[in-house]
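Participant: I'd like to go over a predicted model; first the sequence, then the structure.
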Amino acid sequence: MIIHFLSQLGLWGWFVLGLVLLILEIMAPGFFFIWFGLAALVTGGLAFLLGSIIGFGWQVQTVLFLVLAIGFVLAGRRLFGFSDQQEEPLLNRRGDQLVGQRATLNEPIVNGRGRIHINDTTWRVRGPDLPAGTEVRVVSFDPITLEVEVTV
């Protein structure tokens, strides 16, 4: 069924597919469909220009489309510099945002464990035994516990 569809697609099918993919990119932006749309348009253009000279069969057109799509995706990622780094690397990482902050112990730290109130949240803390009212600094964070040390 897919082979029959590809063999009947023809060069106008590539133009239609390219335009549909570009319209999808406009409706759902994200630099995803644009590369496949451009690859389909270039494939249609080459099939139009070179089809009668070289004899572009559907197999060659499909391979050309796949190669162009991969090439456009790689070139687009390099050209536009997509990265996994966020503008706000600590966004939604509340515990990591607390590292370096100073606070006063509400409860004493006994046997290395205690609690502290920072902003609107009470956190478990780990650190040296200290009395309530001591000013501490958050040194690190694991998923549920803040590591603190005495500020000087």
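Facilitator: The structure has been received and is ready for your questions.

Participant: Return the residues in contact with Gly18.
Facilitator: By Cβ atoms under 8 Å, 6 or more residues apart in numbering, the residues touching Gly18 are Gly37, Leu38, Ala39, Ala40, Leu41, Thr43, Gly44. Heads up, the C-betas are built off the backbone N, CA and C, glycines and all.

Participant: okay, those residues in JSON lines with neighbour count, secondary structure and distance to Ser52 next?
Facilitator: Shown next, in JSON lines, are the contacts of Gly18 (neighbours: other Cβ atoms under 10 Å; DSSP: H, G, I helix; E, B strand; the rest coil; distance: Cβ to Cβ, whole Å):
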{"residue": "Gly37", "neighbour count": "22", "secondary structure": "helix", "distance to Ser52": "25"}
{"residue": "Leu38", "neighbour count": "20", "secondary structure": "helix", "distance to Ser52": "23"}
{"residue": "Ala39", "neighbour count": "24", "secondary structure": "helix", "distance to Ser52": "22"}
{"residue": "Ala40", "neighbour count": "24", "secondary structure": "helix", "distance to Ser52": "20"}
{"residue": "Leu41", "neighbour count": "18", "secondary structure": "helix", "distance to Ser52": "19"}
{"residue": "Thr43", "neighbour count": "28", "secondary structure": "helix", "distance to Ser52": "16"}
{"residue": "Gly44", "neighbour count": "24", "secondary structure": "helix", "distance to Ser52": "14"}
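
Participant: Quick check: of those residues, which lies closest to Ile54?
Facilitator: Thr43 (13.2 Å; Cβ to Cβ).

Participant: Please tell me how far that closest one sits from Ala75.
Facilitator: 16 Å (Cβ to Cβ, to the nearest Å).

Participant: so where's the longest helix in this protein?
Facilitator: For the chain, the longest helix by residue count, based on DSSP state H, is helix 2-27.

Participant: need the helices for this structure, in chain order.
Facilitator: Using DSSP H, helices in the chain cover 2-27, 33-50, 58-80, 94-97.

Participant: so of those helices, which one's packed in deepest?
Facilitator: Burial of the helices of the chain is given as mean neighbour count (mean count of other Cβ atoms under 10 Å); helix 33-50 ranks first at a mean of 20.

Participant: dump the residue contacts of the residue lying farthest from the centre of the chain.
Facilitator: Farthest-out residue of the chain from its mean C-alpha position, per Cα atoms, centre = their mean: Pro131, at 44.6 Å. Counting by Cβ under 8 Å, 6+ apart, Pro131 makes contact with Leu105, Pro108.
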